[in-house]
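Engineer: heads up, no residue letters with this:
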């Protein structure tokens, strides 16, 4: 079955849900899915996420959505790549423009949403009364239909996390209230993303982002998360120690609710009979005897004291996570996971969100997936995923990131929809957008786009850097991309001149058209690059898009002979070890509904019977 393109309307099979083969020619009543190999469960879409959502993602098919849409900050975001050539320069490629302007397109979208009626229509009309035809209004108009589609694709137990900043968060919250209804608002998380700013004068430093959390229905997925106790909390709360040094705190065994069936006198192993609180104990007699036999009961020292429970520090999960997240720092410039993408978020942030609101095997969707942090974390945590981005540069970065983190075998677990898969597709992209064609072509060979400059690019569209020298010298391959049909030998001569001028080691031309005989002859005359590790490689090479699509690679030192340093590498993922179990993993403390000392409002005196 042919891969669906952006113009196709896809059902569950095309989204990676179900089987790949459809039985289209059966008589009525016998149509169905043919058994066969399943499609890869994960999908990376290139294109406008509004179009992708409408065409490719079925109703109520997604368990969790995280989106970090470009904020209304009027900024051009550039992807930063550190140089490996020793020059110390930094290359910048414009990834996307975070600039929203009220124009004909915004006005048309506004009319479409308003004319559809309903709460969202009323919300946008109210916004326009306040904001007028402003750029902020254009931003909200862009977000409205996308958020409507995102709610549509959420399962009834699904959750949406929208990451934003203080500039637009209050507008987006009202918009989400209009789409989900206010009763489906769950939380507003404040993430402290950076340290204090020293340049604050007549305002408070902006060091936090907001994450708005909405659920589709009442029975939303929720896996409680915890944060470790601080040292101060441990010293103040876990004040007791067993002879072996284990720390514990004394917690009440009073049931927080009235439980007549748990109201019984208990004669403990110390020979004293204890009466329960009027509410009853937190557990039945069998469980109480088990706790007593294991030495888990804390007997009061005074005659009127209450029977309590030892809660050990090493068996405590920590503090239940609140809506202020201060323990996940933003990525520093030297962070191992940093790839150079402008709005990259730390994996720890996405790990927490995905672990909280999804389970293994669930589907996670990121409609603005950028460099693919959501996708990478979902892959690591055993979730299926859907990623969407509007630039081929982002798609290339995600593909590289996944292969680098999980190995080349990961390519069998996902597919890319919307990228050219044939020569006619590539030609169409070259005609529609020459820059996206260039980014896509460079992605085929793992090259880094060259710095965006005004005027001439000096014949360099991209670069590949590698090491094959025991002395550590960085080697360079210059890439030139030609998306037109008219190519000639002069272009090869220009490439040769560029390689010489830049003191590069190899030069590669990627062409959409078949090279001419004189072009091949001129390239052959360039001689060979001899690797210090052994082997000779043509110094000037011509590769057609058709060859690259069929799997042909650039001829340069093999992977075993080199180290690629073209793009920053993501941290390699190892299979996590199983978490140790404890008494309360088998029989959770939570099922006792225990309260800590700080939760108790009064000292209890319902101790031994007289």
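Structural biologist: Arrived safely. For clarity, every value in this text was computed on a predicted model and none was experimentally measured.

Engineer: quick one, what contacts residue 538?
Structural biologist: 506, 523-524, 526, 528-529, 555 (C-beta atoms under 8 Å, 6 or more residues apart in numbering). In short, each C-beta sits where N, CA and C put it, glycine included.

Engineer: again, but for residue 219
Structural biologist: Residue 219 neighbours (C-beta under 8 Å, 6+ apart): 156-157.

Engineer: That one and residue 356: what is the separation?
Structural biologist: Going from residue 219 to residue 356 by C-beta to C-beta, to the nearest Å gives 15 Å.

Engineer: Could you do residue 493 as well?
Structural biologist: Residue 493 is 59 Å from residue 356, by C-beta to C-beta.

Engineer: for the protein, which strand is longest?
Structural biologist: Among all segments of the chain classified by DSSP state E, the strand with the greatest residue count is strand 154-164.

Engineer: In the helix or strand harbouring residue 233, which residues are buried?
Structural biologist: Assigning secondary structure by DSSP states H and E places residue 233 in helix 231-237. For helix 231-237, the neighbour count (16 or more other C-beta atoms under 10 Å) marks residue 237 as buried.

Engineer: Pull up the pairing partners for the next helix or strand after it, direction included.
Structural biologist: Following helix 231-237 in sequence order, the next helix or strand is strand 240-241 (DSSP H and E). Paired with strand 240-241 in the same sheet, following DSSP bridges, are strand 247-252 (antiparallel).

Engineer: Need the per-residue pLDDT for the residue lying closest to residue 459 once chain neighbours are set aside.
Structural biologist: Of all residues not flanking residue 459 in the chain, residue 498 sits nearest, at 4.2 Å (C-beta to C-beta, 6 or more residues apart in numbering). Note on residue 498: pLDDT of 93.

Engineer: What separation is there between residue 498 and residue 273?
Structural biologist: Note on residue 498: its distance to residue 273, by C-beta to C-beta, is 93 Å.

Engineer: neighbour-wise, which of those two wins?
Structural biologist: It is residue 498, of residue 498 and residue 273, that has more neighbours when counted by other C-beta atoms under 10 Å, with 17 against 13.

Engineer: tell me which element that one is part of?
Structural biologist: Element membership for residue 498 (DSSP H and E) is helix 489-501.

Engineer: I'd like the distance from that helix to the chain centre, please.
Structural biologist: Between the centre of helix 489-501 and the centre of its chain there are 41 Å (C-alpha atoms, centre = their mean, to the nearest Å).

Engineer: Which stretches in the stretch 101-250 of the chain count as strands?
Structural biologist: Taking DSSP state E, counting those that start in this stretch, the strands of the stretch 101-250 of the chain run over residues 154-164, 185-192, 208-215, 226-227, 240-241, 247-252.

Engineer: any idea what sits nearest the most centrally placed residue in the chain, other than its immediate chain neighbours?
Structural biologist: Against the mean C-alpha coordinate of the chain, by C-alpha atoms, centre = their mean, the closest residue is residue 374 at 1.0 Å. Spatially, and ignoring its direct neighbours in sequence, residue 374 is nearest to residue 366 (3.8 Å; C-beta to C-beta, 6+ apart).

Engineer: Pretty sure the one you found sits against residue 375.
Structural biologist: Yes: using C-beta atoms under 8 Å, residue 366 is in contact with residue 375, at 6.5 Å.

Engineer: Which residues are in contact with each of those two?
Structural biologist: Common neighbours of residue 366 and residue 375 (C-beta under 8 Å, 6+ apart) are 385, 387.

Engineer: ok, residue 179 touching residue 148?
Structural biologist: Yes: taking C-beta under 8 Å as the definition, residue 179 is a contact partner of residue 148 at 5.8 Å.

Engineer: Neighbour count for the two, which is higher?
Structural biologist: A count of neighbours by other C-beta under 10 Å puts residue 179 above the other of residue 179 and residue 148, at 21 against 18.

Engineer: in which helix or strand would I find residue 336?
Structural biologist: Of the helices and strands defined by DSSP H and E, none includes residue 336.

Engineer: With residue 431 instead?
Structural biologist: Using DSSP H and E, residue 431 sits within helix 423-432.

Engineer: so how many other residues sit close to the closest residue to residue 234 other than its chain neighbours?
Structural biologist: Distances taken as C-beta to C-beta, 6+ apart place residue 313 nearest to residue 234, at 6.5 Å, with adjacent residues excluded. Counted with other C-beta under 10 Å, the neighbours of residue 313 add up to 15.

Engineer: wait, residue 313 sits on residue 241?
Structural biologist: No: look at residue 313 against residue 241 with C-beta under 8 Å: they stay out of range, at 9.6 Å.

Engineer: what touches both of these two?
Structural biologist: With C-beta under 8 Å, 6+ apart, residue 313 and residue 241 have common neighbours 247-248.

Engineer: For this structure, give me the ranges with low pLDDT.
Structural biologist: Applying pLDDT under 70 to the chain picks out residues 1-39, 71-99, 197, 333, 339-342, 451-457, 559-610.

Engineer: Could I get the full set of strands for the stretch 251-400 of the chain?
Structural biologist: Using DSSP E, counting those that start in this stretch, the strands of the stretch 251-400 of the chain run over 266-267, 273-274, 297-298, 308-312, 319-320, 324-325, 363-366, 384-389.

Engineer: For residue 517, which of those is the nearest?
Structural biologist: Taking C-beta to C-beta, strand 384-389 is the member of these nearest to residue 517, at 40.0 Å.

Engineer: and that closest one, what other elements does it pack with?
Structural biologist: Applying 3 or more C-beta pairs under 8 Å, 6 or more residues apart in numbering; DSSP states H and E, one finds that strand 384-389 contacts strand 42-46, helix 49-56, strand 363-366, helix 373-380, helix 392-406.

Engineer: residues in contact with it?
Structural biologist: The contact list for strand 384-389 (C-beta under 8 Å, 6+ apart) reads 15-16, 41-47, 49, 52-53, 57, 62, 361-370, 372, 374-375, 378-379, 395, 398, 414.

Engineer: Please tell me how far that strand is from the chain's geometric centre.
Structural biologist: Averaging C-alpha positions (C-alpha atoms, centre = their mean) puts strand 384-389 9 Å from its chain's average.
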